[in-house]
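*Asks:* Task: produce atomic coordinates for the following.
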Amino acid sequence: MFLTELTSSDARFKTVRFRPGLNILLADRSAGSEQGESRNSSGKTSFVKILRYLFGGELPSEFRVAELSQHQFTAGLELPAERAGIVLTPSVTRAVSPSARVRLDGRLGAAFNTELRVDDWRELLATELFHIPEAAARPTPGQLWAQLLRTYFGNPIKGHQAETDWESGVKLGFLLGLSPEVLGKAGELDRLTKQSRAIRKAVQEGAFTHLSLDESALRAQMATARRLRDRVRADLHAFKVDERYADHQREADRLTGMIRKLNDEGLSLQRRSRELNETLQDVLSTAEDTELTARLGRVYAEIGLVLPDSVTRRYAEVAAFHESVVRNRRLFLEQELDAVRSRLEAIDGERRAIDRQRSQVMQLLSETVALDTFLSAQRDLAQREAEVADLERRLDAAREISTIGDTIKLKTAELVTSVRAETHDQADRLDESIALFNELGAEIYTDREAALLISTSPKGILEVHPSISGDASSGVRSVETFILDIVCLIAAIQAGRAPRILVHDSHLFDAIDGRQVASCLNIGARLAEQHGFQYIVTLNSDFLASVETQSEGAFDSAPYILATRLTDQTDTGGLFGFRFG
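*Replies:* Prediction:
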């Protein structure tokens, strides 16, 4: 795929038209500009960001302004068709607002003159331009575009600062012709490692109070919980449930009350019996008292000396009356005593009968339990079962957490073996890229050694390390970035894994010496023509002039400068045709 033009719905926008090979988009620098001043006013960096946006990227924050809200950007493309000799020229349009959809005019794969959601557009690019396997989660089209349409130059192997090492390895390995499915397993291992660390940290800090990493303590708790559970289970198994348990309990209480009342009555009657016996003995003793009778007889005898006839008669009457009273008193007491004894015997019989009834009820209560008691025991057993199950889960979790380290080691060893096997199988392809990197480094720096080091890390991550000997200055790092991007694009073209486009913003060359910049531009022009790709560079005109001067004519920019020229000298000279923000 090639770019043919970049335009906008706003007539003030500077339409840029491209051609095959090297394309240089120049921005004229005003006389008042100081070294290091931002060139955003001319729009060179915005040009690259617009391309990223059109190919599925996020809207740059500086574009979220009212002045651009009605803008639509359009990129014209050129694609080879399946039939030889036929060229497709689709175009893609995306509005600043709303930004969720993309308009495709023409044909790209199975899509033809259609409006797509951005996610669907990304999937179409993944399938038709990069040919990323469906089973591969990495690299994403966005990561590959970040390599081909560069705006970040802090690290040669990364498309943005937050890109992880394993993602960089998968991305570069994919461009160099390696299997993304094999390299992508590093992501699974990375997630597992992070999860293990997070879980351990959370447990150690008490975020999960129910989890513990102490297997021995959990095992001891579980043994105790199981023993208590088994004990409750055995007790419950021996229970005989009586649904009338409460009725029996009330009957036992009623019978006990009756026995208590009989006991109280019996005690009262026994006291009455003693009192009657004592009274009866007094009565009997009084009737048999001869001395009292003799004294009474003497009294009446003395009285009889005076009144002999009447006294004698009165004494006989008194004696008869006394005997009658004593006899009646004795009979009454004996009857009372017989009644008390009869009632005591009746109480004793009733008490024995009631006690037998109570014994039967108490035996029934001792052999059974109430339904409520049984249900309570069941709830207790369920709670014990839950405690045991919870401890078993916690112990299993502790075991799994403890064995994560072993799992990670095993998976790491497997991944290292797989990645090494993949690099061995693709050794010829990698050797071509390594040799090209070395040659280009020697061409740019005659006094330095360049090497592209490709290896497998101890964690199973593919490591691609571009290296140029000498000081690790920002200029050298920029040259490493340039060569790596060129080498990766050529390898990807040969493997059918990338569109034939590479774009470098001028920031890449800011720290490079003029002679080395001239070498880079010559290399870009030569290899673009040789391998049939489009190399687009944005530069400041004064910087390009110094490059040509320092290189003493080693690079001639005239054939590559685009007709559209940007400038910050006027408000209308920038890419957008007006200033905003």
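*Asks:* And the longest helix anywhere in the chain, what does it pack against?
*Replies:* When the chain is scanned for its longest helix (criterion: DSSP state H), the result is helix 308-367. Contact here means 3 or more Cβ pairs under 8 Å, 6 or more residues apart in numbering; DSSP states H and E; on that basis helix 308-367 packs against helix 245-287, helix 290-304. From N, CA and C alone the C-beta is placed, and that goes for glycine too.
*Asks:* If you average pLDDT over each of the ones you listed, which is lowest?
*Replies:* When the helices and strands packed on helix 308-367 are compared on mean pLDDT, helix 290-304 scores lowest, with a mean of 64.
*Asks:* just to revisit the earlier point, could you check the angle the longest helix of the chain makes with helix 245-287?
*Replies:* Helix 308-367 runs at 160 degrees relative to helix 245-287, counting by axes from the mean of the first three to the mean of the last three Cα atoms, to 10 degrees.
*Asks:* chain center to helix 308-367: distance?
*Replies:* Put simply, helix 308-367 sits 92 Å off its chain's centre (Cα atoms, centre = their mean, to the nearest Å).
*Asks:* what ranges of this structure fall below the confidence cut-off?
*Replies:* For the chain, the stretches flagged by pLDDT under 70 are 30-40, 81-85, 200-214, 235-249, 286-316, 318-319, 322, 364-378, 400.
*Asks:* Tell me where the stretch 51-200 of the chain has helices.
*Replies:* Shown for the stretch 51-200 of the chain, the helices assigned by DSSP state H, counting those that start in this stretch span residues 118-128, 141-148, 165-175, 180-183, 185-204.
*Asks:* So for residue 549, which of those sits nearest?
*Replies:* Distances from residue 549 to each of these were compared using Cβ to Cβ; the shortest belongs to helix 141-148, at 30.5 Å.
*Asks:* on contacts alone, who are the packing partners of that closest one?
*Replies:* In terms of contacts (3+ Cβ pairs under 8 Å, 6+ apart), helix 141-148 is packed against helix 118-128, helix 165-175, helix 474-495, strand 501-504.
*Asks:* got the angle between the third one and helix 165-175?
*Replies:* Comparing the axes of helix 474-495 and helix 165-175 via the same axes, to 10 degrees yields an angle of 50 degrees.
*Asks:* Show me what helix 474-495 is packed up against.
*Replies:* On the basis of 3+ Cβ pairs under 8 Å, 6+ apart, helix 474-495 makes packing contacts with helix 141-148, helix 165-175, helix 427-444, strand 450-456, strand 462-468, strand 501-504, helix 514-531.
*Asks:* among these, which is the most enclosed?
*Replies:* Compared across the helices and strands packed on helix 474-495, helix 165-175 shows the largest average neighbour count, a mean of 26 (mean count of other Cβ atoms under 10 Å).
*Asks:* for it, the distance to its chain's centre please.
*Replies:* What separates the centre of helix 165-175 from the centre of its chain is 27 Å, taken as Cα atoms, centre = their mean.
*Asks:* Next, the angle helix 185-204 makes with it.
*Replies:* Following the same axes, to 10 degrees, one obtains 170 degrees for the angle between helix 165-175 and helix 185-204.
*Asks:* Which stretch among the helices and strands packed on helix 141-148 approaches residue 360 most closely?
*Replies:* The minimum distance between residue 360 and the helices and strands packed on helix 141-148 falls on helix 165-175, with 82.0 Å, by Cβ to Cβ.
*Asks:* Convert the C-alpha atoms of the closest one to PDB, please.
*Replies:* The C-alpha coordinates for helix 165-175 follow below in PDB (Å, rounded to 0.1, in the frame of the first residue of the first chain):
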ATOM      1  CA  ASP A 165       9.100  -5.300  26.800                       C
ATOM      2  CA  TRP A 166       7.200  -8.500  25.800                       C
ATOM      3  CA  GLU A 167       4.900  -6.400  23.500                       C
ATOM      4  CA  SER A 168       8.000  -4.800  21.800                       C
ATOM      5  CA  GLY A 169       9.400  -8.300  21.300                       C
ATOM      6  CA  VAL A 170       6.200  -9.600  19.700                       C
ATOM      7  CA  LYS A 171       5.900  -6.600  17.500                       C
ATOM      8  CA  LEU A 172       9.500  -6.600  16.200                       C
ATOM      9  CA  GLY A 173       9.500 -10.400  15.900                       C
ATOM     10  CA  PHE A 174       6.400 -10.200  13.800                       C
ATOM     11  CA  LEU A 175       8.000  -7.600  11.500                       C
END
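*Asks:* Packing partners of it?
*Replies:* If contacts are counted by 3+ Cβ pairs under 8 Å, 6+ apart, helix 165-175 sits against helix 141-148, helix 180-183, helix 185-204, strand 462-468, helix 474-495.
*Asks:* on that earlier part again, among the helices and strands packed on helix 474-495, which comes closest to residue 43?
*Replies:* Proximity of the helices and strands packed on helix 474-495 to residue 43 was assessed by Cβ to Cβ; the nearest stretch is strand 501-504, lying at 14.0 Å.
*Asks:* List the contacts of residue 79.
*Replies:* Shown here is residue 79, whose contacts under the criterion Cβ atoms under 8 Å, 6 or more residues apart in numbering are 1-2, 87-90, 108.
*Asks:* Check the gap between it and residue 17 for me.
*Replies:* Computed with Cβ to Cβ, to the nearest Å, the distance linking residue 79 and residue 17 is 17 Å.
*Asks:* and residue 469, how many neighbours?
*Replies:* By the measure other Cβ atoms under 10 Å, the count of residues near residue 469 is 13.
*Asks:* Leaving out chain neighbours, which residue sits closest to it?
*Replies:* Residue nearest to residue 469 in three dimensions, not counting chain neighbours: residue 449, with 4.4 Å by Cβ to Cβ, 6 or more residues apart in numbering.
*Asks:* Backbone torsions only: list them for the one you found.
*Replies:* Backbone torsions of residue 449, given as degrees, to the nearest 10, read phi -100, psi 130.
*Asks:* separation between it and residue 515?
*Replies:* In this view, residue 449 and residue 515 are 18 Å apart by Cβ to Cβ.
*Asks:* Secondary structure element holding residue 512?
*Replies:* If you go by DSSP states H and E, residue 512 is not part of any helix or strand.
*Asks:* which ones are touching it?
*Replies:* With contacts taken as Cβ under 8 Å, 6+ apart, residue 512 has the following neighbours: 475, 478-479, 520.
*Asks:* Over to residue 141?
*Replies:* 55-56, 122, 125-126, 129-130, 132.
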